[in-house]
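Colleague: here is my input, please return the structure:
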Amino acid sequence: MKPKIAYVLLVVLVFSCDHPKNTPEQKQGTGPLEGTWQLISGTIIEGGDTTVTKYSGAESMIKIINRTHFAFLNHDLKKGKDSTAVFGAGGGVYTLEGDQYTEYLEYCSAREWEGNTFQFTVTVKGDTLTQQGGEKIENLGVERLNIEKYSR
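Modeller: Presented below is the predicted three-dimensional model:
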């Protein structure tokens, strides 16, 4: 009688295990993007205007990419104590197919950006990551080209 109970418990245990969902993060593996990246410069081209930001003075931003997720953190370097105060953060899962890197933004301090997908072309040369792609969010009137250069 005891072996039957053990068998039933084993079957219940096996079928109660949570099977992984088929989500984007499971379609990619380790690669050259993984690590922590410091943003060096960002270029936004929107409506014919170009804005270049060098991240070497008032602000700092990092992007962390692991096997399944990305996250970014941005803040001013004066600890929020004057008019330059800024803090931004976000993250989610991503896919990488060749040089096509797609972010699925699940979390963001600018909550209206959550739930959007952004596709970039990426290149890694030595310790430099460059990503370039469009950011379009119709309900916010956002349509621009974003070019970011990072250093490992």
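
Colleague: residue contacts, residue 85?
Modeller: Residue 85 makes contact with 76, 78 under the criterion CB atoms under 8 Å, 6 or more residues apart in numbering. All C-beta spots, glycine's among them, are computed from the backbone N, C-alpha and C.

Colleague: gap between it and residue 103?
Modeller: Applying CB to CB, to the nearest Å, the value for residue 85 to residue 103 is 26 Å.

Colleague: hang on, residue 112 in a strand?
Modeller: No: applying DSSP: H, G, I helix; E, B strand; the rest coil, one finds residue 112 to be helix, outside a strand.

Colleague: phi and psi next, for the closest residue to it other than its chain neighbours.
Modeller: Closest residue in space to residue 112, ignoring its immediate chain neighbours: residue 140 at 6.0 Å, by CB to CB, 6 or more residues apart in numbering. Note on residue 140: backbone dihedrals following degrees, to the nearest 10 are phi -100, psi 0.

Colleague: give me the number of residues near residue 140?
Modeller: Applying other CB atoms under 10 Å, we find 12 residues neighbouring residue 140.

Colleague: from here on, count from 20
Modeller: From this message on, residue numbering opens at 20, which makes the last subject residue 159.

Colleague: shaky segments in the chain?
Modeller: Scanning the chain with the threshold set as pLDDT under 70 gives 20-49.

Colleague: which residues in it form helices?
Modeller: Under the criterion DSSP state H, helices of the chain are mapped to 21-35.
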